[in-house]
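Student: Based on what follows, work out the 3D shape:
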Amino acid sequence: MPLSMHSASVPVFVRMLGNLLQWLDKAEAHAAARKFDAGNYLGLRLAPDMLPFTRQIQIATDTAKGCVARLAGLEVPKWDDNEASFDDLRARVRRCVEYLLSVPAAQIDGSDTREIVLPTRQGEPLRFTGETYLRHWVLPNFFFHVTTAYALLRHAGVDLGKSDYLGRG
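Tutor: Numbering: from 1, shown residues only. Now for the predicted structure:
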């Protein structure tokens, strides 16, 4: 079976978001074992000019749900970015996975030539074909933010390794 737009997107997002849920669990367990509030992780940054941990997760989920919606020709769901705890972040990630899985594969497949238009703050929107959007915009952006969330937790001492990043199966 050839690679489809659905198989190149939804399963990739779902797997990494599932891994992310496990990282959140490990981070909370790490904080509990050392008797500090896991909320301390929420504002972590790798550099002063980088967005904090919470925002990395918000952007990763926004990227995944936006991709699937645009490829399927649907309105992108709008969510408030008001997560203030690990439970809130887990709920957001789960809601994203549920959304991704709710869009039928047939609605995404064949979107490789669909025009995708992204508004910008600076004026002219960005224009892509579906395939270019997925391969050269969404996947790098998604992995940037997921990897940054992983790196923030790892840097803070959470016991994460490559197998946690890649996941099982």
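Student: Show me the strands in the chain, by range?
Tutor: 115-120, 123-129 (DSSP state E).
Student: Including distance to residue 71, could the ones you listed go into JSON lines?
Tutor: C-betas here are computed from N, CA, C, even on glycine. Shown next, in JSON lines, are the strands of the chain (distance: least, Cβ to Cβ, whole Å):
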{"stretch": "strand 115-120", "distance to residue 71": "7"}
{"stretch": "strand 123-129", "distance to residue 71": "11"}
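Student: Turn these into CSV, including mean neighbour count and mean pLDDT.
Tutor: What follows is the strands of the chain, written out as CSV (neighbours: other Cβ atoms under 10 Å; pLDDT from 0 to 100):
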stretch, mean neighbour count, mean pLDDT
strand 115-120, 12, 93
strand 123-129, 11, 94
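Student: For residue 50, which of those strands is the nearest?
Tutor: Ranking these by their distance to residue 50 (criterion: Cβ to Cβ) puts strand 115-120 first, at 20.8 Å.
Student: Can you list the strands that that closest one pairs with?
Tutor: For strand 115-120, the paired strands and their directions (DSSP bridges) read strand 123-129 (antiparallel).
Student: Now do the partner strand: distance to the chain's middle.
Tutor: For strand 123-129, the distance between its averaged C-alpha position and the chain's averaged C-alpha position is 22 Å (Cα atoms, centre = their mean, to the nearest Å).
Student: Can you check which of the strands of the chain gets nearest to residue 24?
Tutor: Between residue 24 and these, the tightest spacing by Cβ to Cβ is seen for strand 115-120, at 28.6 Å.
Student: re earlier: just so I know, which of the strands of the chain lies nearest residue 141?
Tutor: Across those, residue 141 has its closest neighbour in strand 115-120 (10.8 Å, Cβ to Cβ).
Student: next one: that closest one to chain centre, how far?
Tutor: On the basis of Cα atoms, centre = their mean, strand 115-120 sits 19 Å off its chain's mean C-alpha point.
Student: Residues touching that strand, excluding its own?
Tutor: The list of residues contacting strand 115-120 from outside it, by Cβ atoms under 8 Å, 6 or more residues apart in numbering, reads 70-71, 125-130, 133, 137.
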